[in-house]
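*Asks:* make a model of this:
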Amino acid sequence: MANSRRHRTTYGRLALVTALAAVAAAVPLNSGALAATALPAVEPRAETPALHDDEAGGDADADDPAIWRNTADPDRSLVVATAKQGGLRVYDLAAREVQSVPAPAAPGPDDAPGRFNNVDLVHGLRLPSGRTDLAVTSDRGSDRLRVYRIDRDRAGGPLTDVTDPSAAPVFSSSQEEINEQRTAYGLATWTDPSTGRSYALVSRRERTRIALLELTPKSDGTVGYRKVRTLDLPADFRLPNGTSWSPCGEPGELPQVEGMVVDPANGTLYAGQEDVGIWRLRADLTGKPQLVDKVREFGVPGTYDPSTEECEAGADPGYGGKHLKADVEGLTLLDDGDGSGDGQLLASSQGDNTFAAYDREPSDHNEYEGGFRVTAASSALDGSEECDGAAVLNKPLGARYPHGLLVVQDGHDVPGDPERPSTNFKFVDLGDVLDAVDD
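*Replies:* Sure thing, here's the model as predicted:
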């Protein structure tokens, strides 16, 4: 279009589908994949302080963000993000830390400490004190969910732990099993509009299982959960040549799911099985899952080498997808901004540092519509590499982000000490994303 910023006046009513489709059409797909460098690039406006998880004393590792909009004062909205063993971090829209919430200590000297993996939000859950917004995180270290009430102006920080102290492990039957760390991993929340009940979908580390947990408010103001049902995604696949294939991994390790998101418009769960692709299924975990797209490595045989702890890939039989390079990671939903529920599913293609966009209409088979990269804005503000988690919100967020916000994890924050790897989160103006793919 002649004026590439025209859509901004309606906060994205112009669907991203047209622009992304144009980008996809401009680059031939018969080469097997869109080259990462051929995709449009956007630059972050800000980044959070570096986090470290190493022998130098750091115990925090950036992973997954969620954006909480302050409806009364959008300028004072927040980003809640996981830092693994470092717990949770809360940032304002300037990417400044406003609260650090520690993960729980280990119950015993030989037990695993808390380790927060993914986070998502629940809006308007009814507690004895009234309706409130919550941040829910998967605690991989203890195999539990932890729940935090959000009070923007509370002295000491906006998050208050309201987890039911009697909450049981999600998957494990004992502390010994918890210590093996095949525990709660990926997480997405969902409120069923037909019943008003809120749920968390939780995946299991190194397994293909997903659990549906109903969040249960207690009379004392805490929040617990109960398991409704579980579903196991496939661990091996029949290829067109008649052979069976399973992603290569350490002995006993199955292809796990981490990135997940639920489309509230239709109750559809999208789940990223890291070395396989993106699944679409009902959020209530009934019905048959459908594989929406595959990673490029799908079907490639591999042999695990214990000496290097790496997989040696064999010849590619050509059964993989074109748009995702393993791992497929953070999934998030981009609404078109007009309240209709239309928009795109965004996925982090971790292996080539890009983001892929898919149509959200299942009737359209969630067609691929293009992608983009988040690249360095300056020598002091780098882009996003090996992105784990991402969150997008297509609503005005005050003066800093009047067009909405995209937050992405950066697995290799630079510049920094090369001997001390760093991670953090990049804040990207959503208008810049829409402009980039529209040019």
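*Asks:* Asn394 - how many residues pack around it?
*Replies:* Residues near Asn394, counting by other CB atoms under 10 Å, number 23. For every residue, glycine as well, the C-beta is placed using N, CA and C.
*Asks:* also Glu206?
*Replies:* Residue neighbour count, defined by other CB under 10 Å, stands at 16 for Glu206.
*Asks:* next one: Val90
*Replies:* Around Val90 there are 22 residues (other CB under 10 Å).
*Asks:* in the sheet, who's paired with it?
*Replies:* Val80, Gln99 (DSSP bridges).
*Asks:* roughly how far does it sit from Gln99?
*Replies:* For Val90, the distance to Gln99 (CB to CB, to the nearest Å) stands at 4 Å.
*Asks:* what is in contact with those two at once?
*Replies:* 157-159 (CB atoms under 8 Å, 6 or more residues apart in numbering).
*Asks:* looking at those residues, which has the most residues close by?
*Replies:* Leu159 (25 neighbours).
*Asks:* mind pulling up the pLDDT for that residue?
*Replies:* If you check Leu159, the pLDDT there is 98.
*Asks:* do the one 10 residues further on as well
*Replies:* As predicted, Pro169 sits at a pLDDT of 98.
*Asks:* show me where the stretch 301-439 of the chain has helices.
*Replies:* 430-438 (DSSP state H, counting those that start in this stretch).
*Asks:* quick one: low-confidence parts of it?
*Replies:* 337-341, 416, 437-439 (pLDDT under 70).
*Asks:* what's the neighbour count on Ser174?
*Replies:* 9.
*Asks:* same deal with Leu291?
*Replies:* Per other CB under 10 Å, the neighbour tally for Leu291 reads 17.
*Asks:* which of the helices or strands spans it?
*Replies:* strand 290-294 (DSSP states H and E).
*Asks:* what comes up buried for that strand?
*Replies:* Buried residues in strand 290-294, counted by 16 or more other CB atoms under 10 Å: 291-294.
*Asks:* now swap in stretch 243-254 and tell me
*Replies:* For stretch 243-254, by 16+ other CB under 10 Å, it's 245, 247-249, 254.
*Asks:* likewise stretch 415-422?
*Replies:* Neighbour-count burial for stretch 415-422 flags 421-422 (criterion: 16+ other CB under 10 Å).
*Asks:* chain center to that stretch: distance?
*Replies:* Relative to the centre of its chain, stretch 415-422 is centred 24 Å away, using CA atoms, centre = their mean, to the nearest Å.
*Asks:* repeat that for stretch 412-419.
*Replies:* 23 Å.
*Asks:* same question, stretch 243-262
*Replies:* Chain-centre distance of stretch 243-262: 17 Å, with CA atoms, centre = their mean.
*Asks:* quick one: end-to-end distance for it.
*Replies:* Start and end residues of stretch 243-262 are separated by 33 Å (CA to CA, to the nearest Å).
*Asks:* can you check stretch 243-263 too?
*Replies:* Start-to-end, stretch 243-263 (CA to CA) is 34 Å.
*Asks:* mean confidence for it?
*Replies:* 97.
*Asks:* ok so, going back, CSV for the buried residues of stretch 243-254, including distance to Ala105 and secondary structure?
*Replies:* Output for these, formatted as CSV (distance: CB to CB, whole Å; DSSP: H, G, I helix; E, B strand; the rest coil):
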residue, distance to Ala105, secondary structure
Trp245, 42, strand
Pro247, 35, coil
Cys248, 36, coil
Gly249, 31, coil
Leu254, 30, coil
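*Asks:* of all those, which comes closest to Leu39?
*Replies:* Pro247 (25.3 Å; CB to CB).
*Asks:* excluding chain neighbours, what is closest to the closest one?
*Replies:* Asp275 (3.7 Å; CB to CB, 6 or more residues apart in numbering).
*Asks:* what is the burial count for that neighbour?
*Replies:* Counted with other CB under 10 Å, residues neighbouring Asp275 total 22.
*Asks:* which element, helix or strand, includes it?
*Replies:* Counting by DSSP H and E, no helix or strand carries Asp275.
*Asks:* shouldn't it be in contact with Pro255?
*Replies:* Yes - between Asp275 and Pro255 there is a contact under CB atoms under 8 Å: 5.0 Å.
*Asks:* quickly list what's touching both of these two.
*Replies:* Counting by CB under 8 Å, 6+ apart, the contacts common to Asp275 and Pro255 are 247, 249.
*Asks:* contacts for the strand holding Leu291?
*Replies:* Here strand 290-294 makes contact (CB under 8 Å, 6+ apart) with 270, 276-281, 319-321, 323-324, 356, 358, 365-366, 368.
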